[in-house]
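In: Predicted model and sequence below, questions to follow.
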Amino acid sequence: MGPLWLLALIAGLSLFGFAIGRWKSVALAREGRQPMAARPAHYGSFVLVWTAIPAVIVLILLSIGRPYIADHAVRAHLPDNVLADETNLSLAIANVEQVANGLKTVTPDEMQNIKIGVVTARSVFAKHGVPLAGDVEPYQLAAAISLNAIRATLSDITDVTVSLVTALCLVFAFIRIKPRLRARTAVERVILVLLILASSVAVLTTIGIVLSMLFQALHFFSMVSPANFFLGTVWDPRFAAAGSQESGQFGFLPLAWGTLFISFFAMLVAVPVGLFSAIYMSEYASSRVRSVAKPLLEILAGIPTIVYGFFALTTVGPAIRDYVAVPFGLGTSGNNVITAGLVMGIMLIPYVSSLSDDIITAVPRALRDGSLGLGATRSETVKQVVLPAALPGIVGAILLAASRAIGETMIVVLAAGVAANMSLNPFTEMTTITVKIVNQLTGDLEFTSPQTLVAFALGITLFVATLALNVLALTIVRKYREQYE
């Protein structure tokens, strides 16, 4: 039937279970022999939960296991020389899957002709609009036939198992409906478990991200010394040397310097402008101006970063080059740190402004009234009372914006270039860690080469840095909230 039809079946039987569960509870209540321990809707929800959740769990487990079983069936028909070639094994399996998809379009007579060798599988597939890159080997044909048979069998098993589990659970839940059944408690426990699982998604996602990068990063450090990586000053991965004994140089310091240098100029723009905007909107602007200015300012946060990159490439970069860099002899390129930092800072303004505005607004009104009552002016109140009270939250907002700046990619590619340099001149081309991660993973190299694995080492390093900034920011904000709420 397919997953969608199975989900529709589960949903239909679950709703049917809710209806009959509620009907049975109403019937038992009319008999009046024993008082009901819950309301009719709770009994209906009890049947619905018992019908839907076990069936969905079984469907998920079977869906997860099917690809592994199919992969094992394909590998059983591959020759030893193909299995021994780890580099091209995934390509061989992909070719078998392509042949298997093509076999679904052929007729039984054409299939028989292919088996006895009257016609080639490639010619038959081409007639049905399924092109192949090359001729079909005998082992590929056998593996594809086995793959289709296994998939059909697994599909039938899934349909029967899920349907049977859904029906049995429905009957089981319906039979359990008694006057003394605490259906409300059972349903609330299930809801509590679902809420816990939902809250665990972020933690599990973080763990998955870390593990996906950690193992590949450890593989990279088994080929390249961590000291040479973290203390190296030359970035020269040498893609042309991939597969040879000469792996190139993977100095991390030029990328770290470019990331910090560009982020510094971005924060130099975002923090003053964003903070002053927040102070104006929270302390000086009228409600009408605030209702218009704040949404307009926050529109900047919704602009795609590629648009900011185009703005830097076509407008900001040439202007800085023509009116600043070239006249003063500081550089000749429109791609430089200043361009990327300025445009990135504009992008970060709404992050700093919106968060700071909310934090300043949350400062108790009594502090302002007390300061004004003692004779302080509004500006003195803002400077000596409001900002010190809101400072922990403002620092947290700035750190969150800094972590966003460190992870930016598209603006840097278009505005600062891809050259890994270490220079104090902000009018030269530089690059960041995220840009090099993209460069190292956009190519035809296998994941066994250090030229590709270095991206995971860069990724785990960047992850640790941004995670530390986020934790620090959240710690400061939490301390602020505990103090003033």
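Out: Arrived safely.
In: Report the contact partners of residue 472.
Out: 396, 399 (CB atoms under 8 Å, 6 or more residues apart in numbering). (Each C-beta comes from the backbone N, C-alpha and C, glycine too.)
In: How far off centre is the host helix or strand of it?
Out: Following DSSP states H and E, one finds residue 472 within helix 450-484. With CA atoms, centre = their mean, to the nearest Å as the basis, helix 450-484 stands 15 Å off its chain's centre.
In: Next, the buried residues of it.
Out: Buried residues in helix 450-484, counted by 16 or more other CB atoms under 10 Å: 450-463, 465-466, 469-470, 472-473, 476-477, 480.
In: Any idea how far apart the tips of stretch 423-436 sit?
Out: 18 Å (CA to CA, to the nearest Å).
In: Give me the contact list for it.
Out: Contacts for stretch 423-436 (CB under 8 Å, 6+ apart): 235, 254-259, 261-262, 265, 320, 324-325, 330-331, 333, 335-338, 341, 406-409, 412-413, 416-421, 455, 458, 461-462.
In: Sort out for me which of those residues are in helices.
Out: 254-259, 261-262, 265, 320, 337-338, 341, 406, 412-413, 455, 458, 461-462 (DSSP state H).
In: helices and strands of this protein: which one has the lowest mean pLDDT?
Out: helix 121-127 (a mean of 66; mean pLDDT, DSSP states H and E).
In: tell me which residues in the very next helix or strand once past that one are buried?
Out: Later in the chain than helix 121-127, the nearest helix or strand by DSSP H and E is helix 138-176. By neighbour count on 16+ other CB under 10 Å, the buried set for helix 138-176 is 140-148, 150-151, 154, 158-159, 161-163, 165-166, 169-170, 173-174.
In: which element follows helix 138-176 toward the C-terminus?
Out: Next element after helix 138-176 (DSSP H and E): helix 183-199.
In: So what angle separates the directions of that following helix and helix 138-176?
Out: 150 degrees (axes from the mean of the first three to the mean of the last three CA atoms, to 10 degrees).
In: what's the helix or strand for the nearest residue to residue 158 once chain neighbours are set aside?
Out: Excluding the flanking residues, the one nearest residue 158 by CB to CB, 6 or more residues apart in numbering is residue 62, at 4.7 Å. Per DSSP H and E, residue 62 falls inside helix 40-75.
In: For that helix, give the mean pLDDT please.
Out: Taken as a whole, helix 40-75 has a mean pLDDT of 87.
In: what angle sits between that helix and helix 138-176?
Out: 160 degrees.
In: Which secondary structure elements does the helix or strand that comes right after helix 40-75 sit against?
Out: Sequence-wise, the next helix or strand downstream of helix 40-75 (DSSP H and E) is helix 80-84. Counting contacts by 3 or more CB pairs under 8 Å, 6 or more residues apart in numbering; DSSP states H and E, helix 80-84 packs against helix 86-103.
In: List the buried residues in the helix it packs on.
Out: Buried, per 16+ other CB under 10 Å, within helix 86-103: 92, 93, 95, 96, 97, 98, 99, 100, 102, 103.
In: Show the model's pLDDT score for the third one.
Out: It refers to residue 95. The model's pLDDT for residue 95 equals 76.
In: just checking, it touches residue 139?
Out: No: counting by CB atoms under 8 Å, residue 95 stays clear of residue 139, with 10.5 Å between them.
In: show me what contacts the residue found closest to residue 395 once you drop the neighbours it is linked to in the chain?
Out: Distances taken as CB to CB, 6+ apart put residue 476 closest to residue 395, at 5.4 Å, once the chain neighbours are dropped. Shown in contact with residue 476 (CB under 8 Å, 6+ apart): 392, 393, 395, 396, 399.
In: and if we set it to 10 Å?
Out: 391, 392, 393, 394, 395, 396, 397, 398, 399, 400 (CB atoms under 10 Å, 6 or more residues apart in numbering).
In: Could you export the residues you listed as JSON lines, including neighbour count and secondary structure?
Out: Shown next, in JSON lines, are the contacts of residue 476 (neighbours: other CB atoms under 10 Å; DSSP: H, G, I helix; E, B strand; the rest coil):
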{"residue": "391", "neighbour count": "13", "secondary structure": "helix"}
{"residue": "392", "neighbour count": "20", "secondary structure": "helix"}
{"residue": "393", "neighbour count": "25", "secondary structure": "helix"}
{"residue": "394", "neighbour count": "22", "secondary structure": "helix"}
{"residue": "395", "neighbour count": "17", "secondary structure": "helix"}
{"residue": "396", "neighbour count": "24", "secondary structure": "helix"}
{"residue": "397", "neighbour count": "27", "secondary structure": "helix"}
{"residue": "398", "neighbour count": "22", "secondary structure": "helix"}
{"residue": "399", "neighbour count": "21", "secondary structure": "helix"}
{"residue": "400", "neighbour count": "22", "secondary structure": "helix"}
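In: now, among these, which is nearest to residue 107?
Out: residue 400 (61.4 Å; CB to CB).
In: who's in contact with that closest one?
Out: 348, 351, 352, 355, 466, 469, 470, 472, 473, 474, 476, 477.
In: Quick check: which of the residues you listed has the minimum pLDDT.
Out: residue 477 (69).
In: From the chain's centroid, how far away is stretch 10-21?
Out: That offset, for stretch 10-21, works out to 35 Å (CA atoms, centre = their mean).
In: Could you pull out the buried residues of it?
Out: Those buried within stretch 10-21 under the rule 16+ other CB under 10 Å are 10, 11, 13, 14, 17, 18, 20, 21.
In: now, which of those residues sits nearest residue 88?
Out: Nearest member of those to residue 88, counting by CB to CB, is residue 10, at 41.0 Å.
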